[in-house]
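Colleague: task: produce atomic coordinates for the following.
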Amino acid sequence: MSPGPYDDLVAHLVRTTPLSAGEAARVVADVVGYFAEPLPEFVRRRHAELKRRGLTNEQIFAALDGELSTRRVAPPPMSARQLRRIVYG
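Modeller: Predicted coordinates:
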């Protein structure tokens, strides 16, 4: 198996958790994939998830505003109108 860019992280997880090397590699791949999700897909996915929980658009757009600032590469602040355009076109 060729070395990967996150081998040190996988090794750290194996040392500090009960995960096997394969399980740790899958966890790392899932986390990297999650943070690599493009902004429009993230906004649409989270909007749908929060809508299913019964939140209103006003509540959803406020929650998204907070969540976007925690992304690995945070976008500039977005207004509710900009978020609405991503969701509804």
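
Colleague: quick check: chain neighbours aside, which residue is closest to Glu37?
Modeller: Leaving aside its sequence neighbours, Glu37 sits nearest to Arg45 (Cβ to Cβ, 6 or more residues apart in numbering; 7.5 Å). Just so you know, the C-beta spots here come from the backbone N, C-alpha and C atoms, and that holds for glycine as well.

Colleague: okay, now the domains of the protein?
Modeller: 1-36, 39-88 (automatic domain parsing).

Colleague: distance between the shortest one and the chain's centre?
Modeller: Spelled out, that is domain 1-36. Distance of domain 1-36 from the chain centroid (Cα atoms, centre = their mean, to the nearest Å) equals 17 Å.

Colleague: quick one on the thing from earlier: does the residue nearest to Glu37 really touch Leu39, like I thought?
Modeller: No: checked against Cβ atoms under 8 Å, the pair Arg45 and Leu39 is beyond contact range at 10.8 Å.

Colleague: what is the burial count for Glu49?
Modeller: Neighbours of Glu49 under the rule other Cβ atoms under 10 Å: 11.

Colleague: need the contact list for Val27.
Modeller: Residues in contact with Val27 (Cβ atoms under 8 Å, 6 or more residues apart in numbering) are Leu13, Leu19.

Colleague: before we move on, the earlier item: JSON lines for the domains of the chain, including mean pLDDT?
Modeller: Shown next, in JSON lines, are the domains of the chain (pLDDT from 0 to 100):
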{"stretch": "domain 1-36", "mean pLDDT": "90"}
{"stretch": "domain 39-88", "mean pLDDT": "93"}
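
Colleague: where do the strands of the chain begin and end?
Modeller: Applying DSSP state E to the chain gives no strands.

Colleague: let me see the ranges of the helices in it.
Modeller: Ranges of helices within the chain are 7-16, 21-35, 39-52, 57-68, 80-88, based on DSSP state H.

Colleague: out of those helices, flag the one nearest Ala74.
Modeller: Closest approach to Ala74 among the helices of the chain (Cβ to Cβ): helix 57-68, 6.2 Å.
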